[in-house]
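K.L.:
here's my sequence, what's the structure:
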Amino acid sequence: MDALAQSDVPDVLAPGLRCVFCGINPGRVSAAAAAHFANPRNDFWRLLHDAGFTPRLLTPQEQFELLPLGWGATNAAYRTTPGSGDLRRGDFDLDRMNRIALEYAPHAIAFVGKEAYRGLFGERPQLGAQLRVLGAGVGLFVLPSTSPANAAVPYAERLRWFRELRTWLDDVRERPSARALVVDAAERVLLVRFRNRFGDVWWATPGGGIEPGETAADAIRRELLEEAGLEVADAGPVVHTRDVTFSWDGRLVHMPEEMFLVRVGVHDPAPTIDLAAENVVDVKWWTPEELAAPVERLAPLDLPELVRGLTRRP
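P.N.:
This is a model prediction of the structure:
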C-alpha cells in the first residue's frame, strides 16, 4: 500500500499496533505539513498526551513517534479538501480500511469524529465502542472530533472520551484458545465459515476457547466434535502458535492460540451442536487449489502460506 502516492498526508502504520487513530481527511494545513491533525487549533495531540497515550506532548511533525508507543494514524478519506463538508461519498474507501485491518491487524481503530465513521459505514454512531468490526475482528471506537469546528464540545468532555478509549484498550479479556489444522488423505483442509451480524464473512480453521479445567488438547477434541462431528483420540502435535486480539460484542479479547495438526481419513463434516451463537454458518473441506485462490476472505490473511508450510511432508 503506497499511501504517499494517494494522499498528501502519509499513513502512520505498522503491524500489530494497539490502536490506529482515523481522522476524516487531510485539511489544507495538514496537507501542507504532510502531518496528521496539523492545524494548531486542533486539540488532537494535546488530548492524546493528556489522556496518557504519549509520555510528552508530540508535535504533528513527530507523528511517527507514535509507532514505538503502539499507536498509528490514518484517514477515512485520502483527498485533501478545505473542509470535511467538501468530501463526496466516493472519497470514502471501506475496502482500503478493511485492507488496513487485515494487513496490519491493529487491536482497534479509533475514529476521531462521528463523520469519519459515518463516511465509511453510512450510519451515524454513538460515541464509544462499537459492535461492528473491520477485517477479522478489529475493534472500533468513536471519539468526538478534535477539530476547532467542534468547539461546542468542551475540552473536558473530549478528554473524557479519550480516557474512555484508553480504559477500553487496557480492559482486555484473556481467552486462551486451541485451533486445528485438519488435513485429510486428499490434502484437503477443513475450514469453518463465519458471518457476523453485519454480514462480514470469513473462513478460519476450526477451534475455540479453552474452557476451565481443559487442556488445549481437550479443547480441540471437543471443538472438532462440536463443529464437524469429528472424533479424534489424538489431537496431534502443536505446530504453530500466535497471539491475536480482536473485538467481540464491543469488548477486546486477547486470544493466545495453539494450533494442532490433525490428520484424518475420509470424513463428512456434520456439526453436533447449533453453531449460530458462535457466528459459524458452514463447515467444509477446501482443496489446495481452492485455498490458493479463495473466493472469500481467509483469517488469518496468510492462511494459505501457513497451511503449505505446516502440512509439507518431510
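
K.L.:
hmm, who's touching the helix or strand containing residue 221?
P.N.:
Using DSSP states H and E, residue 221 falls within helix 216-228. Residues from elsewhere that reach helix 216-228, judged by C-beta atoms under 8 Å, 6 or more residues apart in numbering: 176-180, 182, 190, 192, 206-211, 214, 230-232, 235, 238, 258, 260, 262, 267, 269-273, 275, 280, 283. Any C-beta I mention is one placed from the backbone N, CA and C, and that applies to glycine too.

K.L.:
can you point out the buried residues in it?
P.N.:
Residues of helix 216-228 classed as buried: 216-217, 219-224, 226-228 (neighbour count, 16 or more other C-beta atoms under 10 Å).

K.L.:
give me the buried subset of the contacts of helix 216-228.
P.N.:
177-180, 182, 190, 192, 206-208, 210, 230, 232, 235, 258, 260, 262, 267, 269, 271, 275, 280, 283.

K.L.:
the residues you listed in strands, which ones?
P.N.:
177-180, 182, 190, 192, 207-208, 258, 260, 262, 280, 283 (DSSP state E).

K.L.:
residue 174 against residue 245, yeah?
P.N.:
No - the criterion here is C-beta atoms under 8 Å, and residue 174 misses it with residue 245 at 10.3 Å.

K.L.:
more neighbours: which of those two?
P.N.:
residue 245 (22 against 8; other C-beta atoms under 10 Å).

K.L.:
for that one, phi and psi?
P.N.:
phi -120, psi 130 (degrees, to the nearest 10).

K.L.:
isn't it right next to residue 172, touching?
P.N.:
Yes - using C-beta under 8 Å, residue 245 is in contact with residue 172, at 6.5 Å.

K.L.:
who touches both of the two?
P.N.:
Residues touching both residue 245 and residue 172 (C-beta under 8 Å, 6+ apart) are 107, 252-254.

K.L.:
among those residues, which ones are in strands?
P.N.:
Applying DSSP E to the shared contacts of residue 245 and residue 172, the entries found in strands are 252-254.

K.L.:
any of the residues you listed buried? List them.
P.N.:
Neighbour-count burial (16+ other C-beta under 10 Å) applied to these gives 252-253.

K.L.:
and residue 31, how far from residue 82?
P.N.:
10 Å (C-beta to C-beta, to the nearest Å).

K.L.:
pick out whichever of the two has more residues nearby.
P.N.:
Using other C-beta under 10 Å, the more surrounded residue of residue 31 and residue 82 is residue 31, with 17 against 8.

K.L.:
which element is that one on?
P.N.:
Assessed by DSSP H and E, residue 31 sits inside helix 28-33.

K.L.:
counting contacts, what elements does that helix pack onto?
P.N.:
Applying 3 or more C-beta pairs under 8 Å, 6 or more residues apart in numbering; DSSP states H and E, one finds that helix 28-33 contacts no other helix or strand.

K.L.:
what residues does whatever helix or strand comes next after that helix touch?
P.N.:
Next helix or strand after helix 28-33 toward the C-terminus (DSSP H and E): helix 44-50. Residues outside helix 44-50 that contact it (C-beta under 8 Å, 6+ apart) are 21, 23, 36-37, 54, 56-60, 71, 112, 146, 155, 158-159, 162.

K.L.:
how are the helices of the chain distributed by residue range?
P.N.:
Using DSSP state H, the helices assigned to the chain run over residues 28-33, 44-50, 94-104, 114-121, 155-170, 216-228, 288-292, 303-311.

K.L.:
now do the third one against helix 114-121, angle only.
P.N.:
With axes from the mean of the first three to the mean of the last three C-alpha atoms, to 10 degrees as the basis, helix 94-104 and helix 114-121 are set at 100 degrees to each other.

K.L.:
quick one: buried residues of helix 94-104?
P.N.:
By 16+ other C-beta under 10 Å, the buried positions in helix 94-104 come out as 96-98, 100-102, 104.

K.L.:
in this structure residue 207 contacts residue 181, no?
P.N.:
No - taking contacts as C-beta under 8 Å, residue 207 lies outside contact range of residue 181: 9.4 Å.

K.L.:
overlap of the contact sets of those two?
P.N.:
residue 259.

K.L.:
helix or strand with the lowest mean pLDDT in the protein?
P.N.:
helix 303-311 (a mean of 89; mean pLDDT, DSSP states H and E).

K.L.:
what comes up buried for it?
P.N.:
For helix 303-311, by 16+ other C-beta under 10 Å, it's 303-304, 306-307.

K.L.:
in contact with residue 161, which residues?
P.N.:
Taking C-beta under 8 Å, 6+ apart, we find residue 161 in contact with 127-128, 143-144.
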